[in-house]
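Participant: when you get a sec, could you give me coordinates for this:
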Amino acid sequence: MDEIKVTGSIRLERYNKKNMAHFDKWNDFAKKHPDGHHHTSHYISAISRAFGHDEASVMAIDDADNVVGILPLTGIKSFVFGKQLTSIPFFNYGGPLAVSAEVENLLFNYAVSYAKKHNYDSVELRSLNPLPDDGMKKDNWFTHQHKAVMLLELPDDIRAIGAGNAKKRAKLRSQAGLAQRKCEEEGSQLHVAFGGDELIDGFYTVFSQHMRDLGTPVYGKKFFQHIYENIPSSLCVVYLNDKPVSCGWLFKHEHHDRVSIPWASTLREANGYSMNTFMYYKILEHCILAGTKTFDFGRSTIDAGTYKFKAQWGAVPTICQWHGYRIDGSKPEPRLATDQGKMGLLVNTWKKLPLPVANLLGPHIIKNIA
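Facilitator: Modelled structure (predicted):
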């Protein structure tokens, strides 16, 4: 085993994905921890296989050889976007999982030590929990709270979905049914498909165009193929006259009786059908019928349009605690919930790219943006 540090009765070991003992211990701890939604080795492997980034994940082990903490870490070094050690990039959750504040402190300190040793500029641990103690704040750690994870405890009946009173819920159901009513009037064909990797092409057709229209570089199709191979997933694609127009990717967190949706998109041409609302309604109905207890809408910038869209279903926000550390000791400007960033020109330029060009260039750019 690659033992790197001993503190009292706790030792830290680099996680070795080829070591089956590590693999089993890591996943067992992640599955039992209440916050271990994206911490299993499957997520780490998917990132590593798709992008080849530096993997620096670490395990805390007590003197009885029990895992008492884990910290998944991915290092991304980019000439343009800088060098950052992140837990976890590309997904909704990260940060340390530990049985105590003592162990959590060790994992925080390990992240800084590794970053300094391997020439990273900064560390970002995307947790749901506050810093373990005030000492961390004195040691140059800071926290951003500009995003929230939106969670919905699912009812037994889809008709109970929606925030507010019965009238508001009925209005949401009516909006969700607009696509079907409009298609019936037009004589158009509307089809909802749930399935596996046979839907990746349809998913990517919608997702890549939607990202281009937003001015955002897109992941390559191979990234999603790696995701599907590593992480228990199902896909939803909505077809209008046999053309894919709306899509969602679902992670199955079976050990937490939970489903999350990391990626969803709808083409602008389908907005007049309220297609996005229709798709989410069908996904929620599908989850309820499958016995899912919690639906995780993923994270959104607080008070942004996606945040409000998720809230209308009754989703409740949990504020994200993104803990950062800059090796040079500097402190960044606060991230505002309404901040649109400083890349407006790049975004507007990207929107104008032909789709094949955007799909060709996008994967080379987005893999370096955590």
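
Participant: residues in contact with I161?
Facilitator: By Cβ atoms under 8 Å, 6 or more residues apart in numbering, the contact list for I161 reads 155, 169, 172-173, 281, 284, 313-314. C-betas here are computed from N, CA, C, even on glycine.

Participant: run the last query once more with 10 Å
Facilitator: Applying Cβ atoms under 10 Å, 6 or more residues apart in numbering to I161 gives the contacts 152, 154-155, 169, 172-173, 176, 280-281, 284-285, 288, 295, 312-314.

Participant: now do D156
Facilitator: 288, 291.

Participant: tell me, how many residues neighbour R268?
Facilitator: By other Cβ atoms under 10 Å, 11 other residues sit near R268.

Participant: before we move on, back to that, buried only: go through the contacts of I161 for me.
Facilitator: With burial judged by 16 or more other Cβ atoms under 10 Å, the buried subset of the contacts of I161 is 152, 154, 169, 172, 176, 280-281, 284-285, 288, 295, 312-314.

Participant: hang on, P89 packs against K367?
Facilitator: Yes. Using Cβ atoms under 10 Å, P89 is in contact with K367, at 9.4 Å.

Participant: where do the contact lists of the two overlap?
Facilitator: Taking Cβ under 10 Å, 6+ apart as the contact rule, the neighbours common to P89 and K367 are 47, 51, 53, 76.

Participant: can you pick the most crowded of those residues?
Facilitator: I47 (25 neighbours).

Participant: which regions of the stretch 51-200 of the chain sit below the pLDDT cut-off?
Facilitator: For the stretch 51-200 of the chain, applying pLDDT under 70 flags the ranges 134-138.

Participant: which parts of it are strands?
Facilitator: Remark: strands assigned in the stretch 51-200 of the chain by DSSP state E, counting those that start in this stretch are 54-55, 58-61, 67-71, 74-78, 82-87, 97-98, 122-127, 142-144, 147-153, 190-195.

Participant: tell me the helices and strands packed up against the last one.
Facilitator: Taking 3 or more Cβ pairs under 10 Å, 6 or more residues apart in numbering; DSSP states H and E as contact, the helices and strands that strand 190-195 lies on are helix 178-186, strand 233-240, strand 243-253, helix 275-289.

Participant: and those: which comes nearest S41?
Facilitator: When the helices and strands packed on strand 190-195 are compared by Cβ to Cβ, strand 243-253 sits nearest S41, at 14.3 Å.

Participant: N92 and G202, how far apart?
Facilitator: Noted for N92: a distance of 23 Å to G202, by Cβ to Cβ, to the nearest Å.

Participant: make that W322, sorry
Facilitator: Distance from W322 to G202, by Cβ to Cβ: 33 Å.

Participant: pLDDT below threshold where in the stretch 251-370 of the chain?
Facilitator: For the stretch 251-370 of the chain (pLDDT under 70), the answer is 333-343.

Participant: quick one: the helices in it?
Facilitator: Applying DSSP state H, counting those that start in this stretch to the stretch 251-370 of the chain gives helices spanning 275-289, 305-311, 344-351, 355-366.

Participant: and the last one, what does it pack onto?
Facilitator: The reference is to helix 355-366. Partner elements for helix 355-366 (3+ Cβ pairs under 10 Å, 6+ apart): helix 41-51, helix 200-214, helix 221-230, helix 344-351.

Participant: and of those, who's closest to P132?
Facilitator: Nearest of the helices and strands packed on helix 355-366 (Cβ to Cβ): helix 41-51, 22.6 Å.

Participant: show me what counts as buried in the closest one.
Facilitator: Neighbour-count burial for helix 41-51 flags 41-48, 50-51 (criterion: 16+ other Cβ under 10 Å).

Participant: CA atoms only for stretch 296-307 - export them in PDB, please.
Facilitator: Extracted in PDB, the C-alpha atoms of stretch 296-307 (Å, rounded to 0.1, in the frame of the first residue of the first chain):
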ATOM      1  CA  ASP A 296     -32.000  15.200  -6.900                       C
ATOM      2  CA  PHE A 297     -32.400  18.000  -9.400                       C
ATOM      3  CA  GLY A 298     -28.700  18.800  -9.100                       C
ATOM      4  CA  ARG A 299     -27.200  22.100  -8.300                       C
ATOM      5  CA  SER A 300     -28.100  25.600  -9.600                       C
ATOM      6  CA  THR A 301     -26.900  29.100  -9.000                       C
ATOM      7  CA  ILE A 302     -29.200  30.600  -6.400                       C
ATOM      8  CA  ASP A 303     -32.100  32.500  -7.900                       C
ATOM      9  CA  ALA A 304     -31.200  31.700 -11.400                       C
ATOM     10  CA  GLY A 305     -33.800  30.500 -13.900                       C
ATOM     11  CA  THR A 306     -32.900  26.800 -13.400                       C
ATOM     12  CA  TYR A 307     -33.100  27.300  -9.600                       C
END
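
Participant: thanks a lot, catch you later.
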